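1. Pasted the sequence and its predicted model underneath.
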Amino acid sequence: MGLQAILEKIRASGAAQICEIETNAQSRTKAILAQARMEAHQIEEEARTAASIPAAAERARILHLARLDALYFVGSVRENLVDAAISQTRERLASYRSDPSYPMVLRKLVDESLRQLKSTDVEGKPQLLADPRDQVGIQNILEDMKLNIPVRYELKCWGGLIARSEDGCVVVINTLESRLEHATVFLRHSLAMLFEEEQSTIEDMVHA
């Protein structure tokens with residue numbers, strides 16, 4: 001899957017709609033890169049026709065430029081697909097609060113944030129900062145966990161929360177925005193791996 005790197009912990013928490021993004025991205029990849037292969041082949045054919053008249057050196061130069069043009073075209077398509085997949089993921093996460101699985105994800109994020117604070121051995125009662133739209137959900141989660149933790153609903157985010165130690169020295173930012181930001185580098189790598197096979201096919205063709 002091309003988006004296997006995206007927010008792995010969120011997916012483990014129930015963000016099943018990410019799979020739909022993966023499927024759509026992979027399908028779109030195959031279609032666009034198939035077109036890229038056709039255009040790359042056309043570039044080579046036109047260059048070969050033009051190269052049949054000049055001398056050998058000029059013929060080699062024309063073919064070399066054609067190969068470079070073909071590779072550049074495919075590389076541009078690949079980069080655009082990566083950007084489009086990340087943009088689509090951003091859009092889905094921005095509206096994720098309305099997804100039926102969001103309450104479960106929010107619960108996981110709250111639990112994870114509190115565990116991270118606890119692992120730092122900070123003293124005092126933790127404090128949470130959340131979006132007002134998550135107030136009911138946060139209250140229910142804390143009640144289920146039998147925790148009496150102060151929460152300020154002043155945060156504006158796609159989802160998730162920020163947890164702080166009582167003295168403010170330790171801060172755990174666990175919003176969906178921060179998770180995507182941290183995952184973007186790995187996501188780009190994962191998408192690049194998805195397109196690796198298609199890219200290799202193009203390179204084999206233009207170097208034939």
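-> Yep, that arrived.

2. Tell me, domain by domain, which residues of this protein belong where.
-> Following automatic domain parsing, the chain resolves into domains at 8-98+179-206, 102-175.

3. looking at those domains, which has the lowest confidence?
-> Averaged per stretch, pLDDT over these is lowest on domain 8-98+179-206, reaching a mean of 65.

4. If you count neighbours, what's buried in the helix or strand hosting Met104?
-> Using DSSP states H and E, Met104 falls within helix 102-119. Residues of helix 102-119 classed as buried by neighbour count (16 or more other Cβ atoms under 10 Å): 102-103, 105-110, 112-114, 117. In this view, the C-beta of every residue, glycine as well, is placed from N, C-alpha and C.

5. with those residues in mind, which one is nearest to Ala94?
-> Taking Cβ to Cβ as the measure, Ala94 lies nearest Tyr102 of the buried residues of helix 102-119, at 12.3 Å.

6. now the spatially closest residue to the closest one that is not a sequence neighbour: how far from Met145?
-> Excluding the flanking residues, the one nearest Tyr102 by Cβ to Cβ, 6 or more residues apart in numbering is Tyr96, at 5.8 Å. For Tyr96, the distance to Met145 (Cβ to Cβ, to the nearest Å) stands at 22 Å.

7. Same question for Arg115.
-> Distance from Arg115 to Met145, by Cβ to Cβ: 11 Å.

8. Where do the helices of this protein begin and end?
-> 8-12, 17-51, 56-94, 102-119, 135-144, 176-206 (DSSP state H).

9. List the buried residues in the fifth one.
-> Neighbour counts over helix 135-144 (16+ other Cβ under 10 Å) mark 137-138, 141-142 as buried.

10. Count the neighbours of the residue lying closest to Gln135 once chain neighbours are set aside for me.
-> Distance criterion Cβ to Cβ, 6+ apart; nearest residue to Gln135, sequence neighbours excluded, is Tyr153 at 5.2 Å. Neighbourhood size, Tyr153 [other Cβ atoms under 10 Å]: 15.

11. So Tyr153 versus Phe186, what's the distance?
-> According to Cβ to Cβ, Tyr153 stands 31 Å off from Phe186.

12. about what we covered before: so what's the residue nearest to Gln135 up against?
-> 130-132, 134-135, 138 (Cβ atoms under 8 Å, 6 or more residues apart in numbering).

13. go again using 6 Å as the cut-off
-> Neighbouring residues of Tyr153 by Cβ atoms under 6 Å, 6 or more residues apart in numbering: 130, 132, 135.

14. so which of those residues comes closest to Val172?
-> Distances from Val172 to these, taken by Cβ to Cβ, are shortest for Ala130, at 12.6 Å.
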